[in-house]
Structures are given as structure tokens and as C-alpha cells.
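Asker: sequence and predicted structure, then a few things I'm wondering about:
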Amino acid sequence: MEGDALSIRPGNGVEVLGREVTCRFDPHRISSTGLNCISHAHSDHLPRGFEGEKAIASRVTLRCASERLGRKLHEETSPHVQMLEAGHIRGSRMFLLDGGSKVLYTGDMCPEDRFGMRGAKPVKADALIIESTYGSRGWDFPPREEIGAVIKDWVEDNLAQDFSVALMTYPLGKSQLLLDFLGELEPYLVDNVLCSTQWVEEEGEERFRYRAVPEGAVNAPSLYICSTAARKGAVLQRLQKGKLRTAYISGWALRRGFFNHMRVDEGFPLSDHAGHDELLSFVKGCDPNIVYTNHGFDEDLASDITRELGIEAKALKSLKKKEGAKGSQKKLAEF
Ligand SMILES: [Zn+2]
Ligand SMILES: [Zn+2]
């Protein structure tokens, strides 16, 4: 940021350096100095190295991160950092840093209220660091609760035809979203979907309806929620010997050829990220002086923000020195 006390750069996560405060958003390494903020507990946002053990994050994120990393993280707070609902998954937060000027870091976010979750609401900021996973024109999603109704119909139709159904998706986030509207079908939660759901319940207010997979065979057609990794696991292997329909649930299901690629019977584009137009209206609502886009279609979104909103915008990675840039961005398929 020019003319400000704060500077923003990609480094150990996204670093914001000021006279009073040093802040790292989704750092790769928890530092022993400054503030470490973790937006949510998806693996691409979690630290890999530890010089300290304190982080600013929601209780759900701290618990899920600690369990996934096998290392206890402790809660930290700061008068400079405010946590705001990011609407991406249970426990996800945006961070508003006040260090003279205000910087909003969204992490992954979704602005739509849905399935018992509040969406991310824009707040006034001087600088905005926004995710851009679906930041390219054309990546816009139908209302998410409508997709939920379509998924539920599809599941019920298959169960009525004596098929068991396996919905494949992310154990943390999407699985709890599905439970909000499929709970009455008492789905079986497979492996890490079960433990992720229990961590969310133990740290939050919500209770979901589900069953653990029993040791013996389940004969009646039933609904299962699992990760794609469970495809090779014992539960799915057993189901595949009988009548089974599979579906993958992800925003990427908007893309043609997705089914073949994922080897499933159906794909549903239910996304926990903002679509392209949602990103633009979020930026407009924050009314920043400058925007840095991060992840996915970062350059596309930056140029659309500048052209359509008249706000200076650039891909965050463009701030990185050439020699450090190699290998810093994750491939799209990993999100
Ligand atoms: Zn995420
Ligand atoms: Zn992410």
C-alpha cells in the first residue's frame, strides 16, 4: 500500500507489516512474533511449521486445525484484529486488521446465507485481500439452496429405486452443509467426515443428524457422505458390490466433462466459494482503495475489478519477487 503505514506482501502466508503490528494471514509457519491468523481449517490454509502455538481463529478452526495437524494450537486475541463471518465453512472467518488504515483479508468466503450459515458481509476497508478461486467470468452459481433441493430429490429418487447413494465431498465444510438439509435421511458418515462433524459439534452450537457406519453390512439402501479418498476404503468397496449411485459435490461441477473426470454418476455445483459476480459485488461493498486477489483466477478478477468498478486491483502474487514466485500457487484442482 502506498502512502500508508502498512505494507502487504506474500511471504509467510499473506504478511501485513506496520509500525504497531505485524500480522500474517494463513501463515505456512506459525511465527513466535507478531499475530498469526488462520481463516479456516482446510489443508491449503493450515500452517506446516511452528515456532509458536498461538493463533487468532475461531474455536471450530482451532480445534479442527489442532486435530488435523496433531498439534495443539491456542487461541490468541488482539485489539487490532476483528474476526468476521466468512460464510465459507463452519468456523471460517475473515479478518479486519486496524493498524492505522484498515485491511480486510477474506480467506475463502461465500456471501450467500444458506443451510444455517450466515454469508460474508462486506465491510469498509482501505485495502482488501480477497480470494479469487472462481474469479473468472462465467463462474456464477445458481442459488445454493435450490441446488440443495435438487440434490435431495436425486438422493430420495435413488433410495426409492433401491440404490444406496454415496455423496463425495470435503469432510470439513461441505459435509456439514449437506447434513443441514439431508439430516432427516440419517446419512452414514464415513471416516474423516464423521470426525470432522464431531469436532464442529463439540466446539459450536449446532447438532446434526447422522449415523456412524456400523461394523457389519448395512442391507437397506442408505445414504453415505464421504471424501473422494474413501473410494478406495472398505465401506465404499463393500457398497460397490451392490446397487450404488455416486455423486460429487463441488463448484467445479459447473464445468463440462466433470463427471467423466471424477468417475461419478452425477455432479452438483454446490460451492462454498463466491462466484465471479458475487466477488465483484463484495468488492464494491467494501469500497477499498486497492484490492489484491489471491488464489485461482486472480489476474482475471483483478482486471475485471479495475475495468468494471474503477478500483485499483492486482494479483497478490504479482507483489512477489520473481525468484520467490516459483511453486507458490496451488493448482486449481487442489481447492
Ligand atoms: Zn477453504
Ligand atoms: Zn482455500
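Answerer: Arrived safely. Ligands and ions are numbered 1, 2, ... in the order given.

Asker: would you agree Ile38 is in contact with Ala55?
Answerer: Yes: the pair formed by Ile38 and Ala55 meets the contact definition of Cβ atoms under 8 Å, at 4.9 Å. The way it works is simple: take the backbone N, C-alpha and C, and place the C-beta from them, glycine included.

Asker: between those two, which is the more surrounded one?
Answerer: Taking other Cβ atoms under 10 Å, Ile38 and Ala55 do not tie; Ile38 has more neighbours (28 against 22).

Asker: roughly how far apart are that one and Leu17?
Answerer: From Ile38 over to Leu17 the distance is 19 Å, taken as Cβ to Cβ, to the nearest Å.

Asker: can you check Asp162 too?
Answerer: Distance of Asp162 to Leu17, computed by Cβ to Cβ: 61 Å.

Asker: shared neighbours, Ile38 and Ala55?
Answerer: Common neighbours of Ile38 and Ala55, using Cβ atoms under 8 Å, 6 or more residues apart in numbering, are Pro47, Leu62, Ala65, Leu73.

Asker: which of the residues you listed sit farthest apart?
Answerer: Pro47 and Leu62 (12.0 Å; Cβ to Cβ).

Asker: overlap in contacts, these two.
Answerer: With contacts taken as Cβ under 8 Å, 6+ apart, the residues that reach both Pro47 and Leu62 are Ile38, Ala55.

Asker: dump the shared contacts of Ile38 and Ala55 to a markdown table, plus distance to ligand 2.
Answerer: Output for the shared contacts of Ile38 and Ala55, formatted as a markdown table (distance: Cβ to the ion, whole Å):
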| residue | distance to ligand 2 |
| --- | --- |
| Pro47 | 14 |
| Leu62 | 18 |
| Ala65 | 14 |
| Leu73 | 18 |
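
Asker: inside helices: which ones of the residues you listed?
Answerer: Using DSSP state H, Leu62, Ala65 are the members of the shared contacts of Ile38 and Ala55 that sit in helices.

Asker: count residues in the vicinity of the closest residue to Gly99 other than its chain neighbours, would you?
Answerer: Once its chain neighbours are removed from consideration, Gly99 has its nearest residue in Gly18; the separation is 3.9 Å (Cβ to Cβ, 6 or more residues apart in numbering). Residues lying near Gly18 (other Cβ under 10 Å) number 20.

Asker: residue contacts, Gly18?
Answerer: Gly18 is in contact with Ala5, Leu6, Ser7, Gly99, Gly100, counting by Cβ under 8 Å, 6+ apart.

Asker: just name the closest of those residues to Thr22, please.
Answerer: For these, the closest approach to Thr22 (Cβ to Cβ) belongs to Gly99, at 9.0 Å.

Asker: OK, contacts around that closest one?
Answerer: Listed by Cβ under 8 Å, 6+ apart, the contact set of Gly99 reads Ala5, Leu6, Val16, Gly18, Arg19, Glu20, Val21, Cys23, His80.

Asker: ChimeraX command to pick out the buried ones of these?
Answerer: Here the buried members of the contacts of Gly99 are turned into a ChimeraX selection, burial being counted by 16 or more other Cβ atoms under 10 Å:
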select :6,16,18,21,23,80
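
Asker: buried stuff in stretch 183-199?
Answerer: With the criterion 16+ other Cβ under 10 Å, stretch 183-199 contains buried residues 185, 187-194, 196-199.

Asker: take those residues and keep only those in strands.
Answerer: When DSSP state E is applied, these are split such that Tyr188, Leu189 fall in strands.

Asker: give me the neighbour count for the residue in the stretch 51-200 of the chain that ligand 2 sits nearest to.
Answerer: Per Cβ to the ion, Asp108 is where the stretch 51-200 of the chain lies closest to ligand 2, at 4.3 Å. Taking other Cβ under 10 Å as the neighbour definition, Asp108 ends up with a count of 26.

Asker: ok, now Ala160?
Answerer: Neighbours of Ala160 (other Cβ under 10 Å): 9.

Asker: show me what contacts it?
Answerer: With Cβ under 8 Å, 6+ apart as the criterion, no residue contacts Ala160.

Asker: quick one: stretch 96-105 to chain centroid distance?
Answerer: Shown here is stretch 96-105, whose average C-alpha point lies 22 Å from the average C-alpha point of the whole chain (Cα atoms, centre = their mean, to the nearest Å).

Asker: hmm, Ser101 is touching Ala127, no?
Answerer: Yes: using Cβ under 8 Å, Ser101 is in contact with Ala127, at 6.9 Å.

Asker: those two: who's more crowded?
Answerer: For Ser101 and Ala127, the more surrounded residue by other Cβ under 10 Å is Ala127, and the numbers stand at 21 against 16.
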